[in-house]
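Participant: Quick one: sequence plus predicted model below, questions after.
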Protein chains: 2
Amino acid sequence: MQGHARLFGAVEAGGTKFVCAIGDESGALHAEARFPTADPGSTLARVRDFFKAGCGDFAPAALGVACFGPVILERQSARYGFIGNTPKAGWSNTDVAVMLSREFSCPVGFDTDVNAAALAEQRWGAARDVRNLVYVTVGTGIGGGVLIEGAPLHGLMHPEIGHIHPRRHELDMNFTGICPFHGDCLEGLASGPAILARTGSELQHLDATHVQWEIEADYLAQLCAHLVLTISPQRIILGGGVMTERQFPLVRSRTLHWLGGYIDRSEILTDIERYIVPPALGSRSGVLGALCLALDARANR
Amino acid sequence: MQGHARLFGAVEAGGTKFVCAIGDESGALHAEARFPTADPGSTLARVRDFFKAGCGDFAPAALGVACFGPVILERQSARYGFIGNTPKAGWSNTDVAVMLSREFSCPVGFDTDVNAAALAEQRWGAARDVRNLVYVTVGTGIGGGVLIEGAPLHGLMHPEIGHIHPRRHELDMNFTGICPFHGDCLEGLASGPAILARTGSELQHLDATHVQWEIEADYLAQLCAHLVLTISPQRIILGGGVMTERQFPLVRSRTLHWLGGYIDRSEILTDIERYIVPPALGSRSGVLGALCLALDARANR
């Protein structure tokens, strides 16, 4: 029965759906459930029920929660482990991590969904050979997780790279953008809903000659160039529903344009196909990231 | 004579001038010399001569070199401790750190001038209470050093934040910018020479009503907002010859504009006077940063 002590719980807490899983140190998942995100009370009750049923008499060795943001990550804060002020109705100031830690008497790792996805890609995916990387998701919103020397970047709070202001593309000067905070920040211009607002379609369903491909690639390339110049990662992973194979050559080419030959590193100048890459774990990066948080919480307890 | 073992050498290697000093763990400097940057051979000979004369029969416990960039920081590189490809005539691919380490048989810490300045501000200056910070210098160029959990950020190479592309200010649409790589990147728009190219004057000598104040503050504020959204520092220090007291309220106000209320942290929303600050060490941050590199090289040897 000793073996049960090495089972870990993973929670991918998304704004649309929750994924709960029980896994081990190899990244194998032994049980999994997914359900839509409802109000906090009933949603978190389903999380508890899943682990109580799945683990039987044995508490998980640790839990990890990869959470939609913003989240409170400062250990010294009275609200550590909470979701902060979010537009997601009912979820502002919700305790997620502390409640689970009490319930299961085990360490709980807690971080943003994108920091967790970066951990999973570093441990099992597209960044196994590097320690500094950025994982970007381009979907309903645009977010980024950052690992520095293998550890998620926090600082004042956590990166919110979706809200930088790229220069407007010359063929996209009239669209006002859809971000409720900034209008035409990156998320307001280049997220899935922003593409839909302009074209009435998802990007992948637009003809290959549609100008939106070029516009989208330019905005994401400005993000990549900006990341190179500020965080200096060893790899950038671009994932999320808006990213398709066709986008990558366009984004890479425009990133080189924005860097203008200034960053004199072969990784960028000659090997950019291995520098800006798709995720290796696809849609599994969230729940596997939560598993990484659980493994790290156990190791650091 | 045992005391001599705790003297450290510091070299601020700038594109215009070198500063050499001998100091101790308290940050006190016991001897100092400064001389213009000439060719590498004669300049580095003066560095060697200074430490040989200053230390007498005793080798320094360690040396630190805070160097103009770009520099090679990857330990596994055959060119570790070198200056990379630089427009500074004669200095491309110059060994600085390894040569000194051999000469004095001691550990040599080596990093960018701005990463070193960040270390000094964290140890003795304006960021003693935080572990994650950005030190920006706005002068002949624009550069930034980044500490994450107290350690200089490297990654693929090191941050080059001066070359991000801010949005053009509506009253500054015609200036083409002076960066040889990018034209109108931040350095091309907001460095000292860029201000001079537009106005024929240094910023501090322009009338307080001159529009250049507003333009400059807006570009630096876009940098600050980008740093908050990507690196999430606990403090931003703005130094260098272009920064004067008058600039700070303007930059802070525009930073809040660009963030648009999105980053819900009191450090920014109500305490921005303590978030975006001038350096406490002024023009001493470079040489004291080099001393920090020496202290860290000794500690980590």
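Facilitator: Nice, I can see it. Residues are numbered from 1 along each chain as shown, chains lettered A, B, ... in the order given.

Participant: what residues does the helix or strand encompassing residue A:143 touch?
Facilitator: Assessed by DSSP states H and E, residue A:143 sits inside strand A:142-148. With CB atoms under 8 Å, 6 or more residues apart in numbering or on different chains as the test, strand A:142-148 has contacts from A:69, A:111-119, A:122, A:127, A:131-137, A:152-153, A:159-162, A:186-187, A:190-191, A:223, A:227, A:231, A:233, A:240, B:148-149, B:153, B:155, B:230. Placement of C-beta: from N, CA and C, glycine included.

Participant: So which bits of it are buried?
Facilitator: A:142, A:143, A:144, A:145, A:146, A:147, A:148 (16 or more other CB atoms under 10 Å in any protein chain shown).

Participant: before we move on, back to that, list buried members of the contacts of strand A:142-148 by neighbour count.
Facilitator: For these, a burial check counting by 16+ other CB under 10 Å picks out A:69, A:111-119, A:122, A:127, A:131-137, A:152-153, A:159-162, A:186-187, A:190-191, A:223, A:227, A:231, A:233, A:240, B:148, B:153, B:155, B:230.

Participant: Mind checking which of these are in strands?
Facilitator: Among the buried ones among the contacts of strand A:142-148, the members falling in strands (DSSP state E) are A:111, A:112, A:133, A:134, A:135, A:136, A:137, A:152, B:148.

Participant: Show me which pair in these is furthest apart.
Facilitator: A:137 and B:148 (21.9 Å; CB to CB).

Participant: Relative to residue B:270, how far out is residue A:179?
Facilitator: According to CB to CB, to the nearest Å, residue A:179 and residue B:270 sit 23 Å apart.

Participant: who has more neighbours, those two?
Facilitator: The neighbour count for residue A:179 versus residue B:270, taken as other CB atoms under 10 Å in any protein chain shown, is higher for residue A:179 (22 against 10).

Participant: That one touches residue A:197, doesn't it?
Facilitator: No. Between residue A:179 and residue A:197 there is no contact under CB atoms under 8 Å: 11.2 Å.

Participant: Can you tell me the closest non-neighbouring residue to residue A:190?
Facilitator: Once flanking residues are discounted, residue A:190 sits nearest to residue A:219: 4.2 Å by CB to CB, 6 or more residues apart in numbering or on different chains.

Participant: got the buried residues for the host helix or strand of the one you found?
Facilitator: Assigned by DSSP H and E, residue A:219 falls within helix A:211-230. Within helix A:211-230, the residues scored as buried using 16+ other CB under 10 Å are A:212-213, A:215-230.

Participant: need the helices for chain A, in chain order.
Facilitator: In chain A, the helices defined using DSSP state H lie at A:40-55, A:97-104, A:113-124, A:186-190, A:192-199, A:211-230, A:247-259, A:266-269, A:285-299.

Participant: Include mean pLDDT when you put the ones you listed into TSV, please.
Facilitator: TSV is the format used below for those (pLDDT from 0 to 100):
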stretch	mean pLDDT
helix A:40-55	92
helix A:97-104	92
helix A:113-124	98
helix A:186-190	98
helix A:192-199	98
helix A:211-230	98
helix A:247-259	98
helix A:266-269	96
helix A:285-299	96
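
Participant: what about these, which gets the closest to residue B:282?
Facilitator: Nearest to residue B:282, of all the helices of chain A, is helix A:211-230, at 25.0 Å by CB to CB.

Participant: what's the angle from that closest one to helix A:247-259?
Facilitator: Computed with axes from the mean of the first three to the mean of the last three CA atoms, to 10 degrees, the direction of helix A:211-230 lies at 50 degrees from that of helix A:247-259.

Participant: can you list the residues of the stretch 1-150 of chain A near chain B?
Facilitator: A:70, A:84, A:85, A:132, A:144, A:146, A:148, A:149 (CB under 8 Å from any CB of the partner chain).

Participant: which residue sits closest to the last one, ignoring its sequence neighbours?
Facilitator: The shortest distance from residue A:149 to any non-neighbouring residue, by CB to CB, 6+ apart, is to residue A:131 (5.2 Å).

Participant: Model confidence at the one you found, what's the number?
Facilitator: pLDDT recorded at residue A:131 is 97.

Participant: and if you look at residue A:300?
Facilitator: Per-residue pLDDT puts residue A:300 at 85.

Participant: give the contact list for it.
Facilitator: residue A:107.

Participant: which one among the residues of the stretch 1-150 of chain A next to chain B gets closest to residue A:265?
Facilitator: For residue A:265, the nearest member of those is residue A:132. The distance, counting by CB to CB, is 13.0 Å.

Participant: tell me, how many neighbours does the residue nearest to residue A:261 when sequence neighbours are not counted end up with?
Facilitator: Excluding the flanking residues, the one nearest residue A:261 by CB to CB, 6+ apart is residue B:181, at 6.3 Å. Residue B:181: 14 surrounding residues under other CB under 10 Å.

Participant: got the phi/psi numbers for residue B:181?
Facilitator: phi -90, psi -40 (degrees, to the nearest 10).

Participant: Okay, it and residue B:134: tell me how far apart.
Facilitator: 22 Å.

Participant: I figured residue A:227 hits residue A:236, correct?
Facilitator: Yes. Counting by CB under 8 Å, residue A:236 is a contact partner of residue A:227 at 6.0 Å.

Participant: Quick check: neighbours shared by these two?
Facilitator: Each of residue A:134 lies in contact with both residue A:227 and residue A:236 under the rule CB under 8 Å, 6+ apart.

Participant: list the contacts for the closest residue to residue A:262 other than its chain neighbours?
Facilitator: Nearest residue to residue A:262 in three dimensions, chain neighbours excluded: residue B:181, at 4.4 Å (CB to CB, 6+ apart). Residue B:181 is in contact with A:260, A:261, A:262, B:163, counting by CB under 8 Å, 6+ apart.

Participant: And the pLDDT for residue B:181?
Facilitator: Per-residue pLDDT puts residue B:181 at 93.

Participant: Distance check, residue A:290 against chain B.
Facilitator: According to CB to the nearest CB, to the nearest Å, residue A:290 stands 21 Å off from chain B.

Participant: so that residue makes contact with residue A:11?
Facilitator: Yes. At 5.4 Å, residue A:290 counts as touching residue A:11 under the criterion of CB under 8 Å.

Participant: and these two? which has more neighbours close in?
Facilitator: Remark: of residue A:290 and residue A:11, residue A:290 carries more neighbours, 33 against 30, as counted by other CB under 10 Å.

Participant: And that one, how far from residue A:188?
Facilitator: Residue A:290 is 28 Å from residue A:188, where distance means CB to CB.

Participant: same deal with residue A:118?
Facilitator: Taking CB to CB as the measure, residue A:118 falls 24 Å from residue A:188.

Participant: Same check on residue A:29?
Facilitator: As for residue A:29, its distance to residue A:188 is 36 Å (criterion: CB to CB).

Participant: Residue A:152 now?
Facilitator: 26 Å.

Participant: contacting residues around stretch A:238-246?
Facilitator: In contact with stretch A:238-246 (CB under 8 Å, 6+ apart) are residues A:117, A:135-140, A:142, A:190-192, A:195, A:202-204, A:208, A:213, A:216, A:220, A:224, A:247-248, A:251, A:276-279, A:282, A:285.

Participant: Could I get the average pLDDT for it?
Facilitator: Averaging pLDDT along stretch A:238-246 gives 96.

Participant: Just the endpoints, please. Distance across that stretch?
Facilitator: Using CA to CA, to the nearest Å, one end of stretch A:238-246 lies 12 Å from the other.

Participant: Next, the buried residues of it.
Facilitator: Neighbour-count burial for stretch A:238-246, counted by 16+ other CB under 10 Å, picks out A:238, A:239, A:240, A:242, A:243.

Participant: what's the residue lying closest to residue A:194 once chain neighbours are set aside sitting at in phi/psi?
Facilitator: Of all residues not flanking residue A:194 in the chain, residue A:178 sits nearest, at 5.1 Å (CB to CB, 6+ apart). Here is the backbone geometry of residue A:178 (degrees, to the nearest 10): phi -120, psi 10.

Participant: residue contacts, residue A:141?
Facilitator: For residue A:141, the contacting residues are A:162, A:187, A:191, by CB under 8 Å, 6+ apart.
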